[in-house]
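Novice: 3D, please:
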Amino acid sequence: MRDALGLMLASVVAAVVIAGVWYWTSAPRADAAPPQTIAAKQADPLPPEAAKLAAKDDVEVTAALSAPAPAAPPPPPAPVAEQPACANPDALGVSRVVEIDTTGGPGFGFENFKQYDFLQPKEVVLSFDDGPWPRNTPAVLKALADECTKGLFFSIGEHASWHPEILRQVYAAGHTVGTHTWSHANLNGKKMTEQTMKDEIEKGVSAVKWALDGHDPAPFFRFPELQQSPAAIAYLGSRNIAMFSCDLDSFDFRKTSSPEKVVTTVMAKLDKLGKGIILMHDFQKHTADALPTLLRRLKEGGYKVVQIKAKTTLASLPEYDEAIAKKLKIPTVAARPVSSVVQTVSRQ
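Specialist: The predicted structure follows:
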C-alpha cells in the first residue's frame with residue numbers, strides 16, 4: 001500500500017515538472033525579441049569553400065565600385081607634316097641652317113658690317129630683294145625648288161600689298177621672309193626725317209605681315225640701295241631687328257645686265273672671295289632667268305647653301321597695322337560668334 005502511494009506521488013511530481021518545463025520553453029516571454037518575418041529570415045550558412053568565394057567576390061566588387069573611373073585616354077598627337085624628299089638626287093640643297101639672335105640689331109654682310117663672319121669657306125647665302133613680283137618671283141621659287149634649296153627674301157611692303165598671294169608662296173615654300181621698307185625709300189636721303197624713316201620701316205613690316213595672313217615676318221631688314229643712316233641703325237637696334245648688307249652684289253638691277261652677265265658676275269666674285277652673302281633681286285626678270293644656271297654653277301664649283309632663320313619673329317606695331325588697313329581699305333570684320341550673327345527664324 002505504502003509502495004503504491006509513493007509510486008503515485010512520484011508520478012504526480014514528474015507530471016508537474018514536465019508541465020513546467022513545457023510552459024517555460026513554449027510560452028512567450030515579455031523580454032523576448034519578436035519573431036522574424038520570412039523576408040528577414042537569415043539564409044542558411046554556406047559551405048566553407050563557397051563562403052570564401054563569396055567573400056572574395058564581395059571584396060572585388062566593392063573595390064571596383066569604390067575605384068575612381070579611369071581617365072579618358074589623351075588624344076593622339078597631331079601628325080607632324082614631313083617635308084617631301086628632294087626629287088633631284090643631284091640637287092644643290094641646303095648644307096646647314098643657322099639661327100640668328102637679333103637682340104640689339106646685329107649687322108651682317110661685309111659690304112657694310114664687319115663684325116660677324118659666320119660663313120665657312122665655300123658657303124653662300126642666297127638673298128633676294130624687292131619682291132614679290134608677278135612671273136619673276138614664282139620663277140625664282142621654281143628654280144630654288146628644283147634644286148631643293150632655300151633663300152632669304154627682303155620684301156617691299158607696297159609690293160607685298162599688291163601681290164600678297166605671291167609672298168604667301170615664298171613663305172609656304174619655307175624661305176625666310178624679311179622686310180625692305182614700305183616704298184624702297186633711301187633711308188639715308190637728305191630729306192629723310194626720323195619720323196619718315198620710322199614710318200617706312202614699320203609700314204613695311206605691317207604690310208608684309210598683312211600679306212602673310214597675319215604671320216609675323218623674320219626680324220631681318222635690308223636697307224634700300226644699302227644706304228644706312230645712324231638714326232636708322234639705332235632704331236632697328238631698339239626693335240631688335242638684324243640688318244643685312246651683302247658680301248657680293250650681282251648688279252642684276254643694271255640696265256646692261258643679262259642672265260649670262262648675272263651668272264658671270266656672281267661666280268667671278270665668289271671665286272675671289274671664296275664665300276659670301278649674295279645680293280640678287282626676285283623683282284628682275286633676268287635674275288629669274290639666270291638662277292637655274294647659277295645654281296648649277298654653284299653646285300659644280302663645290303659651293304654650299306646656308307639657310308638663315310631668326311630665333312624669334314618680328315611683332316608689328318598696332319598703329320601701323322591700322323594705318324595699313326586704312327590705306328588698303330581693308331573692311332572691318334566683326335569678331336562676333338556665329339550664333340549672334342546668324343539665327344534660324346523658321347523651318348519647313
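
Novice: helices or strands up against the helix or strand encompassing residue 99?
Specialist: Using DSSP states H and E, residue 99 falls within strand 96-100. Under the contact criterion of 3 or more Cβ pairs under 8 Å, 6 or more residues apart in numbering; DSSP states H and E, strand 96-100 touches strand 304-310. To be clear about C-beta, it is placed using only N, CA and C from the backbone, and glycine gets the same treatment.

Novice: strand partners (parallel or antiparallel) of the strand it packs on?
Specialist: If you go by DSSP bridges, strand 304-310 pairs up with strand 96-100 (parallel), strand 123-129 (parallel).

Novice: any chance you could list what contacts the next helix or strand after that strand?
Specialist: Scanning forward in sequence from strand 304-310 by DSSP H and E, the next helix or strand is helix 318-327. Helix 318-327 has contacts (Cβ atoms under 8 Å, 6 or more residues apart in numbering) with 157, 161, 199, 202-203, 205-207, 209-210, 330.

Novice: circling back to that earlier point, okay, now the sheet partners of the helix or strand just after the strand holding residue 99, with direction.
Specialist: Once the chain leaves strand 96-100, the next helix or strand it forms, by DSSP H and E, is strand 107-108. Strand 107-108 has the following strand partners under DSSP bridges: strand 242-244 (parallel).

Novice: toward the C-terminus, what is the element adjacent to the partner strand?
Specialist: Assignment by DSSP H and E places the next element after strand 242-244 at strand 248-249.

Novice: the inter-axis angle of the next helix or strand after that next one versus strand 123-129?
Specialist: Heading C-terminal from strand 248-249, the first helix or strand you meet, by DSSP H and E, is helix 259-273. Calculated by axes from the mean of the first three to the mean of the last three Cα atoms, to 10 degrees, helix 259-273 forms an angle of 140 degrees with strand 123-129.

Novice: so what are the sheet partners of the next helix-or-strand element following helix 259-273 and their directions?
Specialist: Per DSSP H and E, the first helix or strand lying C-terminal to helix 259-273 is strand 276-281. Strand 276-281 pairs in its sheet with strand 123-129 (parallel), strand 248-249 (parallel), by DSSP bridges.

Novice: and stretch 252-268, C-alpha only, in PDB?
Specialist: Coordinates of the C-alpha atoms in stretch 252-268 are reproduced here as PDB (Å, rounded to 0.1, in the frame of the first residue of the first chain):
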ATOM      1  CA  ASP A 252      71.400  92.400-111.700                       C
ATOM      2  CA  PHE A 253      69.400  95.600-111.500                       C
ATOM      3  CA  ARG A 254      71.500  97.400-114.100                       C
ATOM      4  CA  LYS A 255      70.100  98.000-117.500                       C
ATOM      5  CA  THR A 256      73.100  96.500-119.100                       C
ATOM      6  CA  SER A 257      72.700  93.200-117.200                       C
ATOM      7  CA  SER A 258      71.500  89.900-118.700                       C
ATOM      8  CA  PRO A 259      71.100  86.400-117.400                       C
ATOM      9  CA  GLU A 260      74.600  85.500-118.600                       C
ATOM     10  CA  LYS A 261      76.100  88.500-117.000                       C
ATOM     11  CA  VAL A 262      74.500  87.800-113.700                       C
ATOM     12  CA  VAL A 263      76.000  84.400-113.600                       C
ATOM     13  CA  THR A 264      79.400  85.600-114.700                       C
ATOM     14  CA  THR A 265      79.500  88.400-112.100                       C
ATOM     15  CA  VAL A 266      78.400  86.300-109.200                       C
ATOM     16  CA  MET A 267      80.800  83.400-110.000                       C
ATOM     17  CA  ALA A 268      83.800  85.700-110.600                       C
END
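
Novice: format the strands paired with strand 304-310 as a markdown table; extra columns: distance to residue 180.
Specialist: Shown next, in a markdown table, are the strands paired with strand 304-310 (distance: least, Cβ to Cβ, whole Å):
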| stretch | distance to residue 180 |
| --- | --- |
| strand 96-100 | 17 |
| strand 123-129 | 6 |
